[in-house]
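# predicted coordinates and the sequence they were generated for:
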Amino acid sequence: MKIGILQTGHSPDEVKAELGDYADMFVRLLDGHGFEFETYSVVDGQFPSGPDAADGWLITGSKHGVYEDHTWIPPLEQFIRDVQAIGLPMIGVCFGHQIIAQALGGKVEKFAKGWAAGPQTYDFEGKPMVLNAWHQDQVTQVPPSARVVATNAFCENAALLYGDHIFTVQPHPEFAARMLEGLITHRAPGVLSPEQIADAAAKLDAPLDDRAMADWMAAFLKGQKS
């Protein structure tokens, strides 16, 4: 099964040699599930020929906001609608979670209470899961076609399910401790408060449910979860 990765941003240059780009992190996360991958750097204007260029799709995170004026955002939104129309499986993470919501009639805004950074606990319909987060923007209005499947006190709409073929999640299962450390070092200063930086750094070794989420995502892409 071929998964097309729509890369909407780049990892910090300071960690790229060690950890790769955002698409590489998803390839590692989903390793062992029998997928082949092709990356399209939509942030650089590289788009697939159409929604049928892969058997399923995954949209990465980004430093950009989905509401920003970038030439690649409107065609990405249309591509999302095209994928939805033909019923292929699609997963969105962080920016991917937000751009799918925006494309399908929801609303995304900067959250008034600020940033979530580091391990956070989410309630996935009664099942607690700990995943790394790194965001200020949030889906504040859920699209009519979606239902909320994960939440916590800080992020009300932490994961959304659209029928049985689109799943999106705000936190980053692909971000392991080393990536969080890189973000804390190279992107947090001047953005997060010193207290937030110290708190996130202190939790770098917290146990995560990233493998459980990876298994769930793989099953969803294969049509085995709804």
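Cool, the structure landed. Just so we're clear, the structure is a prediction, and the values are computed from it rather than from any experiment. Numbers count the residues shown, from 1 in each chain.
# find the nearest non-adjacent residue to residue 21, please.
residue 11 (5.2 Å; C-beta to C-beta, 6 or more residues apart in numbering). (Glycine included, C-beta is placed from N, CA and C.)
# same thing with residue 100?
residue 92 (4.3 Å).
# buried set for the longest helix anywhere in the chain?
Counting by DSSP state H, the longest helix found in the chain is helix 73-86. Buried positions in helix 73-86, judged by neighbour count with 16 or more other C-beta atoms under 10 Å: 73, 76-77, 79-80, 83-84.
# can you get me the start-to-end distance on stretch 88-103?
16 Å (C-alpha to C-alpha, to the nearest Å).
# run the chain-centre distance for it.
Mean-position distance between stretch 88-103 and its chain equals 7 Å (C-alpha atoms, centre = their mean, to the nearest Å).
# same check, this time on stretch 12-25
Using C-alpha atoms, centre = their mean, the offset of stretch 12-25 from its chain centre is 16 Å.
# what does stretch 189-202 give?
21 Å.
# check contacts around the residue most central in space within the chain.
What sits nearest the mean C-alpha location of the chain, by C-alpha atoms, centre = their mean, is residue 93, with 1.2 Å. By C-beta atoms under 8 Å, 6 or more residues apart in numbering, residue 93 lies in contact with 26, 58-61, 168-169, 171-174.
# residue 185 too?
Residue 185 touches residue 14, counting by C-beta under 8 Å, 6+ apart.
# residue 214 against residue 172, yeah?
No - judged on C-beta atoms under 8 Å, residue 214 makes no contact with residue 172 at a distance of 11.7 Å.
# neighbour count winner among these two?
The neighbour count for residue 214 versus residue 172, taken as other C-beta atoms under 10 Å, is higher for residue 172 (25 against 19).
# partner residues bridging that one?
residue 132 (DSSP bridges).
# make 34 the first number, not 1, from now on.
With 34 as the first residue, the last one maps to residue 205.
# pretty sure it is touching residue 164, no?
Yes - counting by C-beta under 8 Å, residue 164 is a contact partner of residue 205 at 6.7 Å.
# common neighbours of the two, please.
Residues touching both residue 205 and residue 164 (C-beta under 8 Å, 6+ apart): none.
# how close does residue 176 get to residue 144?
18 Å (C-beta to C-beta, to the nearest Å).
# also residue 174?
Residue 174 is 13 Å from residue 144, by C-beta to C-beta.
# ok, residue 145 to residue 173 distance?
Counting by C-beta to C-beta - residue 145 and residue 173 are separated by 10 Å.
# so which of the two has more stuff around it?
Per other C-beta under 10 Å, whichever of residue 145 and residue 173 has more neighbours is residue 173, with 16 against 8.
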